[in-house]
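Chemist: sequence and predicted structure are below.
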Amino acid sequence: MPLSRQRLVEQVIEHLRQQLKTQAYPVGSRLPPEPQLMAQLGVGRSTVREAIRALAHEGLLEVRQGDGTYVRATAVAEPLAVRLRQAKVQEVHEVRRALELEVVALAAERRSDDDLAAIRHWLAARSAALANRDTAAALAADIELHCAIARATHNPMLSDLYRMFAVTLRDALGVLWDVAAPAADDRSHVDLVAAIAAGDAAAAVAVTRQILARHEATLRHSAGNA
């Protein structure tokens, strides 16, 4: 049976992670262009891009528009990275709740016009993917949206932590979205972005609590049917 697209992405991520760990691509070097990586790995463009995006979230790669993808680090902080990959979905959700409530509040207080442009871009991409019933693209856009919100805090440590956490969060959200209708969250995310744009930290936190409460209910329902 052919591998699912998500499984292919995971394999490419692991392959590239090993290449970085063995210094095949040293820090500061540029990765081969997409067509070359596609040929080397035997996968499509979207798979390569999603894998690179995931490693960029971990802080291993940096994508420079019009210039290519560069190596920032050859390994993440191993204890935290390994612990995150081994965490249960419920554990990930609890960490997400603690992290995101602070992130959205700070983003509402500190966001710039450029931050808002990036946030709105990924919100539109998320909504478009949901409208097209493309769950994989919607999930990728959802992660990008929340990473853009984290960057709007203008706290590099918080943003980097969220970026590292986003890889594990993607897998946890994939589980949630397999058993729920993600379109139900679309209106809430519109409201969240509106609150951040208005500089209303309390409203941003309130909307985020609603989103997380729905995910918590989905987790309980899924566990009850397991």
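Modeler: Perfect, I can see it now.

Chemist: so what's the residue positioned nearest the centre of the chain scoring on pLDDT?
Modeler: In the chain, the residue lying closest to the centroid (Cα atoms, centre = their mean) is residue 143, at 3.0 Å. Model confidence at residue 143, given as pLDDT, is 86.

Chemist: so that it lines up with my notes, have the first residue be 740 from now on.
Modeler: That works, and once the first residue is 740, the last one we named lands at residue 882.

Chemist: next one: it from residue 813, what distance?
Modeler: For residue 882, the distance to residue 813 equals 23 Å [Cβ to Cβ, to the nearest Å]. All C-beta spots, glycine's among them, are computed from the backbone N, C-alpha and C.

Chemist: what do you get for residue 750?
Modeler: Applying Cβ to Cβ to residue 750 and residue 813 gives a distance of 19 Å.

Chemist: in the helix or strand that residue 954 is a member of, what counts as buried?
Modeler: Here residue 954, judged by DSSP states H and E, is contained in helix 940-964. Neighbour-count burial for helix 940-964 flags 940, 942-944, 946-947, 950-951, 954, 957-958 (criterion: 16 or more other Cβ atoms under 10 Å).

Chemist: which other helices and strands does that helix contact?
Modeler: The contact analysis (3 or more Cβ pairs under 8 Å, 6 or more residues apart in numbering; DSSP states H and E) places helix 940-964 against helix 828-849, helix 895-918, helix 925-936.

Chemist: that one to helix 925-936, inter-axis angle?
Modeler: Relative orientation of helix 940-964 versus helix 925-936 (axes from the mean of the first three to the mean of the last three Cα atoms, to 10 degrees): 150 degrees.

Chemist: okay, now the unreliable bits of this structure?
Modeler: 740-745, 814-826, 828, 906-923, 958, 960-965 (pLDDT under 70).

Chemist: again, 80 this time
Modeler: Low-confidence segments of the chain (pLDDT under 80): 740-746, 796-798, 804, 812-832, 874-875, 903-924, 954-965.

Chemist: so what are the domain limits for it?
Modeler: Domain ranges of the chain: 742-810, 819-963, per the TED database.

Chemist: packed most tightly, which of those would that be?
Modeler: domain 819-963 (a mean of 17; mean count of other Cβ atoms under 10 Å).

Chemist: from the chain's centre, how far out does that one sit?
Modeler: Here domain 819-963 is found 8 Å from its chain centre; the criterion is Cα atoms, centre = their mean, to the nearest Å.

Chemist: thinking again about what came up before, distance from the helix holding residue 954 to the middle of the chain?
Modeler: So, by Cα atoms, centre = their mean, the centroid of helix 940-964 is 18 Å from its chain's centroid.

Chemist: quick one: that helix to helix 828-849, angle?
Modeler: Using the same axes, to 10 degrees: helix 940-964 against helix 828-849 is 170 degrees.

Chemist: correct me if wrong: residue 786 contacts residue 748.
Modeler: Yes. Taking contacts as Cβ atoms under 8 Å, residue 786 lies within contact range of residue 748: 5.5 Å.

Chemist: which neighbours do those two share?
Modeler: Common neighbours of residue 786 and residue 748 are not found (criterion: Cβ atoms under 8 Å, 6 or more residues apart in numbering).
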